[in-house]
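Trainee: Have a look; sequence and predicted model below, questions after that.
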Amino acid sequence: MFTAVPVIWFAVFDWEHTKEVFLDTPKLYAIGMNDVYFNTIAFWRWFFYAVWQGILIVLCVMFTFNFAVIESGQQSGLILEGAYVFYAVVVVVNIKILISSFEFTFWMMFWIFGSIILYYLTLLLFSVIMASNLYGI
């Protein structure tokens, strides 16, 4: 939910050109007919780009929190590291959508920043209700 809604909004409502420009300029449809963005090479390029970003996020978080100590004197575990990996994924996806957007509307900003804020609120809610090791992060 934290990453799907902004992506769906971006895919449906972010237009590079207006509808009138598309109607007046049929050559803009050539990229779709020639499979410029929807081909095997483009798919694997984006796939490996996403895998690289995922590996980088996990490694940065794991090396950062490897020596972290929580208030009881224990070292942080996978719960804390997993929460921050998930937070980093939410932020990276939403920032990537923000960078890729052609239009900056109220609703686009609402879904992007709303999903990041909603992640914080959900984390707070689960940390209070479950009273687990998430409490206080």
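Mentor: Sure, I can see it. Just so it is clear, the model here is predicted, and its values are computed rather than measured.
Trainee: show me the contacts for Gln53.
Mentor: Val92 (Cβ atoms under 8 Å, 6 or more residues apart in numbering). Using the backbone N, CA and C atoms, a C-beta is placed for each residue, glycine as well.
Trainee: tell me the SS of it?
Mentor: helix (DSSP: H, G, I helix; E, B strand; the rest coil).
Trainee: From Thr18, how far out is it?
Mentor: Gln53 is 32 Å from Thr18, where distance means Cβ to Cβ, to the nearest Å.
Trainee: contacting residues around the one residue sitting closest to the centre of the chain?
Mentor: With distances taken as Cα atoms, centre = their mean, Val93 lies nearest the centre of the chain, 1.7 Å away. Counting by Cβ under 8 Å, 6+ apart, Val93 makes contact with Thr3, Pro6, Val7.
Trainee: from the residues you listed, which single one is nearest Val58?
Mentor: Thr3 (16.2 Å; Cβ to Cβ).
Trainee: Centroid-wise, who is the farthest residue in this protein?
Mentor: In the chain, the residue most distant from the centre (Cα atoms, centre = their mean) is Asp24, at 34.6 Å.
Trainee: contacts for the lowest-mean-pLDDT helix or strand in the chain?
Mentor: In the chain, no helix or strand scores lower on mean pLDDT, DSSP states H and E than helix 30-33, which sits at a mean of 76. With contacts defined as Cβ under 8 Å, 6+ apart, helix 30-33 is touched by Tyr37, Phe38.
Trainee: tell me how far it is from the chain's mean position?
Mentor: How far helix 30-33 lies from its chain's middle: 28 Å, per Cα atoms, centre = their mean, to the nearest Å.
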